[in-house]
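Please work out how this folds:
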Amino acid sequence: DTSSIENDCGARTNPAGESSDCFETEDGAAPHSSSSSGEQRKSRGDEDEDSSSHEEMSDDDDDGVEQRNSGAARKKRRSKILKSETDTRRAEERTDSDTAAVDDGPLTRPVSSDDDSDVGGASLPKHAPYVFPNTQPNPVWLPLKAVFDREMGLRRSPLKFTYGACGSRAMVQRFALKHKLDHHRGCVNALHFSQSGTLLASGSDDLEIVLWDWLANKPALVYDSGHRSNVFQCKFMPCSGDATVVSCARDGQVRVAELSATGVCKGTRKLAMHRGPAHKLALNDNDPCVFLSCGEDAQIIEIDLRESKPNKLTVCKDKDKVSLYTIHMNPANSHLFAVGGRDHFVRVYDRRMIAEGNESIVEKYWPDHVTESMKANITSCMYSYDGSELLASYNDEHIYLFDVVKGGCSQFKHCYTGRRNNVTVKGVNFYGQRSEYVVSGSDCGHVFIWDKNSTNVMQFLKGDDAGAVNVLEPHPHLPVLATSGLDHDVKVWMPTNTELTQLEGLTKVMKMNLDQREEDIKNQQDMIDGHMLWFVMRQLGRAARRRAERADDDDEDSDSSGDTVDTPEYETDDSDESAPTDDEAPGSRVIQCPQS
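This is a model prediction of the structure:
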């Protein structure tokens, strides 16, 4: 107790308001400083005092100074010992704690309007956070303690050990490449583990869907998806025995494949049709029949496998239609789902309100510094395991985490930086049974894994040789992560390293991504608008065809004329559907992988 030390060794104030020193000597005797001071005051009043008394008083003063110095030294030693014991006790409490990780301060912090600091030689924009690694938080899951509790039966749920191990930092920091699943002949745009975790589905630009026995590193089934253009997503329907796979693609179709018990695809059929590329599907983990789809036509479609026709729920609009790139259903409340697309809002809808014809948008989320003038697009959004948090990944911006429970639409909870999202439509996901981490790919070909609470980078992997990593899929039960991108294979990561990662080259890559982003921001005003670029490319295509047709006038096999209008790739021959208009044309800010 520091107060007792001050009472014993500190400065005291007497009732008269005068300060007097009170230190104990080593033998417990009272110091001579008070008596010597009294003698000194007495000598001042007595002018006839002998000079010998002055010499004796001087000797007493020297003894008092020496005793005061020794008392101060003892006080300093006691304070140092108390501080050391306090620090040790606090460290033990943090280590023994089985609660949330200690937050040593976020990896990123917003830069104030008067902050002109430079990082890595690149000037940061006013809204940009710092992106460089901070100190790592203390681990939450302690292996020895967890094993002891499990062996002694101290944990009520047997799954708690598994959940803790899968989400532990010790596992994440030991991730290494285990398999390369090689079969596709194009970019792999879709990955999804089955509910049992035994199979992994992948969809590609080669229009094939492969069901992998990923642990044996071999395909279990390969079938033609039935799509006419790049497959963007394929998913196992839950509670279906891994026998039903739904998919969507650039051609706008949503299709289903029925698989037999003998491992043969019985065939595929079309369920719904978007008037533009269909990017994502949203499933309900407890419903084997109903799911949602979204596309660049701004439509949100509800599909029931038991019904002959789909149900067009709503059209996402603000002032104009908003092309959609992502959709995800709240796992805690299947009536709610979130969508994102070609603006900076994450919109949350309620299916019950749509059915009643009311205003169906429940909430909007966006970072307050991201404005419409920045032309920021949302490439992916994702709910946490319990639906309490919502992730949003922005095109050429950062990843933001919103608190769904507390609200605050324009106030994000955390920001995850360091990666680059500009070239392709990149996904974002949670990792861990309790959504302990955030994982995303980057244009630099790396996989970034952040601790959700501290926002520090926990793992940094080289995930693609050709360029960007677009898709990241965690295993539902095991510490396994599957990734894909511009390479034609699927990479499976497992915690097989004997040593923890040292994050070699992380700072260099993050600086490079920051410099490239800053350069693009400076040149943003000089960029051609996406609709204008689409119009120019369309006119150039027409001119090229007219020149080719004039050169091949004698070709009998030619069935087109110079005045024929170009048909987009995703237009189909369905009589009830038409191609997107010019104002629905894909923008230059979001680019898909090139078709093989």
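
Checking A176 next. Helix, strand or coil?
strand (DSSP: H, G, I helix; E, B strand; the rest coil).

for the one 3 residues further on, same thing?
Three states are possible here, and by three-state DSSP the one that applies to H179 is strand.

Ignoring the adjacent residues along the chain, who's closest to it?
V492 (4.2 Å; C-beta to C-beta, 6 or more residues apart in numbering). Heads up, the C-betas are built off the backbone N, CA and C, glycines and all.

Okay, strands next: where are they in the stretch 301-450 of the chain?
Per DSSP state E, counting those that start in this stretch, the stretch 301-450 of the chain carries strands over the ranges 311-315, 324-329, 336-341, 346-350, 361-365, 378-383, 389-394, 399-403, 414-416, 428-431, 437-441, 446-451.

partners of the third one in the sheet?
Next to strand 336-341 in the sheet, as set by DSSP bridges, lie strand 324-329 (antiparallel), strand 346-350 (antiparallel).

any chance of the ones you listed in a markdown table, plus distance to T244?
Listed next are the strands paired with strand 336-341 as a markdown table, based on distance: least, C-beta to C-beta, whole Å:
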| stretch | distance to T244 |
| --- | --- |
| strand 324-329 | 17 |
| strand 346-350 | 25 |
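
Please work out which of these is packed deepest.
strand 324-329 (a mean of 25; mean count of other C-beta atoms under 10 Å).

what's near enough to touch T268?
223-226, 255-258 (C-beta atoms under 8 Å, 6 or more residues apart in numbering).

taking these one by one, which sit in helices?
Residues of those located in helices (DSSP state H): none.

Just send the strands paired with strand 336-341 back as TSV, with mean pLDDT and distance to L481 too.
Below are those laid out as TSV (pLDDT from 0 to 100; distance: least, C-beta to C-beta, whole Å):
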stretch	mean pLDDT	distance to L481
strand 324-329	96	19
strand 346-350	94	24
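
Which among the ones you listed is found nearest to L283?
strand 324-329 (6.7 Å; C-beta to C-beta).

can you state the direction angle for the closest one and strand 389-394?
On the basis of axes from the mean of the first three to the mean of the last three C-alpha atoms, to 10 degrees, strand 324-329 is oriented at 170 degrees to strand 389-394.

mind checking the SS state of R517?
Looking at R517 with three-state DSSP, the answer is helix.

From V425, how far off is it?
17 Å (C-beta to C-beta, to the nearest Å).

Identify the residues contacting A257.
A257 neighbours (C-beta under 8 Å, 6+ apart): 209, 223, 225-226, 244-247, 265-268.

In ChimeraX, how would I select the buried members of these?
Here is the ChimeraX command that picks out the buried ones among these, judged by 16 or more other C-beta atoms under 10 Å:
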select :209,223,225,226,244,245,246,247,265,268
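
Switch the contacts of A257 over to a markdown table; also include secondary structure and pLDDT.
Converted to a markdown table, the contacts of A257 look like this (DSSP: H, G, I helix; E, B strand; the rest coil; pLDDT from 0 to 100):
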| residue | secondary structure | pLDDT |
| --- | --- | --- |
| I209 | strand | 97 |
| Y223 | strand | 95 |
| S225 | coil | 94 |
| G226 | coil | 94 |
| T244 | strand | 95 |
| V245 | strand | 96 |
| V246 | strand | 97 |
| S247 | strand | 97 |
| C265 | strand | 90 |
| K266 | strand | 86 |
| G267 | strand | 90 |
| T268 | strand | 93 |
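
Can you give me the pLDDT of the residue lying closest to N284 once chain neighbours are set aside?
Nearest residue to N284, sequence neighbours excluded (C-beta to C-beta, 6+ apart): S334, at 4.5 Å. pLDDT for S334: 92.

swap in C9?
Reported pLDDT for C9: 41.

try W141
Confidence score, pLDDT, at W141: 78.

Tell me which helix or strand it sits in.
Following DSSP states H and E, one finds W141 outside all helices and strands.

L540 too?
helix 530-551.

quick one: low-confidence ranges for the stretch 451-596 of the chain?
The stretch 451-596 of the chain contains residues with pLDDT under 70 at 524-539, 541-542, 545-546, 548-596.

Output the contacts of A257 as CSV; include the columns distance to W366.
Below are these laid out as CSV (distance: C-beta to C-beta, whole Å):
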residue, distance to W366
I209, 35
Y223, 40
S225, 35
G226, 37
T244, 36
V245, 34
V246, 30
S247, 30
C265, 42
K266, 44
G267, 43
T268, 38
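
quick check, nearest of the contacts of A257 to L390?
Nearest to L390 among those, with distances taken as C-beta to C-beta, is V246, at 23.6 Å.

R150 - that's part of a strand, no?
No: counting by three-state DSSP, R150 falls outside a strand, being helix.

Residue numbering should commence at 31 henceforth.
Done: numbering now begins at 31, and the last item shifts to R180.

Test my guess that it contacts F191.
Yes: the pair R180 / F191 is scored as a contact, 4.9 Å apart, by C-beta atoms under 8 Å.

circling back to that earlier point, out of the strands paired with strand 366-371, which is closest to H304?
strand 354-359 (9.4 Å).

and the closest one, C-alpha only, in CSV?
Listed next in CSV are the C-alpha coordinates belonging to strand 354-359 (Å, rounded to 0.1, in the frame of the first residue of the first chain):
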residue,chain,number,x,y,z
LEU,A,354,-25.8,-6.1,-56.5
TYR,A,355,-22.6,-8.1,-56.1
THR,A,356,-23.2,-9.8,-52.7
ILE,A,357,-25.9,-11.1,-50.5
HIS,A,358,-25.9,-12.9,-47.1
MET,A,359,-28.6,-14.2,-44.8
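
quick one: that strand to strand 408-413, angle?
0 degrees.

before we move on, the earlier item: nearest to A328, of the strands paired with strand 366-371?
Closest approach to A328 among the strands paired with strand 366-371 is made by strand 354-359 (6.1 Å; C-beta to C-beta).

what sits up against the closest one?
Residues contacting strand 354-359 (C-beta under 8 Å, 6+ apart): 309-314, 322-326, 328-330, 346, 366-372, 407-413, 455, 620.

how does it look with 7 Å?
For strand 354-359, contacts defined as C-beta atoms under 7 Å, 6 or more residues apart in numbering pick out 309-310, 312-314, 322, 324-326, 328, 330, 346, 367-371, 408-413, 455, 620.

after the host helix or strand of T192, next one along is what?
Assigned by DSSP H and E, T192 belongs to helix 189-196. Using DSSP H and E, the helix or strand that directly follows helix 189-196 along the chain is helix 199-202.

Which neighbouring elements make contact with that next one?
strand 487-492 (3 or more C-beta pairs under 7 Å, 6 or more residues apart in numbering; DSSP states H and E).

neighbouring contacts of the strand it packs on?
So strand 487-492 is contacted by 137, 163, 199, 202-203, 205, 448, 467, 475-481, 523, 531, 533, 536 (C-beta under 7 Å, 6+ apart).

Equivalent analysis for stretch 504-519, please.
The contact list for stretch 504-519 (C-beta under 7 Å, 6+ apart) reads 195-196, 201, 205, 210-212, 214-218, 221, 223, 225, 227, 230, 232, 459, 461, 471, 477, 493-503, 520-525, 623.
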